[in-house]
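In: Sequence first, predicted coordinates after that:
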Amino acid sequence: MGKTIIIGVGNPILGDDGIGIHIARELQRVIDDPMVTITEAYTGGMNLLDMMMGYDKAIIVDAMVSPNNIGEVKRLELKELPPTGSSNPHNLSLIEAILLARKLGENRIPRSIIIIAVMIPEPIEFKEELSENVAAAIPRVVAATIEEIRR
């Protein structure tokens with residue numbers, strides 16, 4: 001097993017959108033492995049790419065807006081994510097950032113990039129607490145992340 005980074009992504013003051021941050025904090029309590037780095041990110045795109053450089057595997061834990069199935073957990077590979085088509089170079093999606101880095105010959109990108117997403121409703125209120133359905137997903141995401149480390 002090579003070096004793995006787990007990045008919990010989200011905004012902790014937008015309720016369910018902060019699920020990735022909550023999960024990163026839980027993973028820090030249960031994983032003690034010198035080959036695994038667990039961190040938090042409040043932005044995506046180029047910042048995420050910078051964080052994962054030099055690791056063999058990256059696991060990104062984040063929220064995904066869905067009109068239904070709130071609290072459902074999905075494992076996605078990078079190729080399964082839709083490109084955002086941003087024309088602003090300061091706001092590239094992770095996929096766009098990785099494609100750009102590969103075009104530029106960057107070879108420190110992890111060979112394996114996995115996204116573990118929790119379905120949430122559109123975040124519309126400022127609060128630090130998670131909704132009941134989303135909070136209930138935390139143990140499933142922790143288990144899925146630990147399983148992903150072992151793959």
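Out: On my side now, so go ahead. Numbers count the residues shown, from 1 in each chain.

In: List the buried residues of stretch 133-144.
Out: Within stretch 133-144, the residues scored as buried using 16 or more other Cβ atoms under 10 Å are 133, 134, 137, 138, 141, 142, 144. In short, each C-beta sits where N, CA and C put it, glycine included.

In: Sketch out the helices for the chain, chain order is fine.
Out: Residue ranges of the helices in the chain, as given by DSSP state H, are 19-30, 46-52, 94-103, 132-135, 138-150.

In: nearest to residue 63, of those helices?
Out: helix 19-30 (4.9 Å; Cβ to Cβ).

In: Could I get the contacting residues of residue 57?
Out: Residues in contact with residue 57 (Cβ atoms under 8 Å, 6 or more residues apart in numbering) are 2, 3, 4, 5, 110, 111, 112, 113, 114, 149.

In: ugh, wrong one, I meant residue 64
Out: Per Cβ under 8 Å, 6+ apart, neighbours of residue 64: 74, 117, 118, 119, 120.

In: now do 7 Å
Out: Counting by Cβ atoms under 7 Å, 6 or more residues apart in numbering, residue 64 touches 117, 118, 119.

In: ok now do the second one, which residues does it touch?
Out: For residue 118, the contact set (Cβ under 7 Å, 6+ apart) comprises 19, 63, 64, 71, 73, 134, 137, 141.

In: Over to the first one?
Out: Going by Cβ under 7 Å, 6+ apart, residue 117 touches 62, 63, 64, 74, 76.
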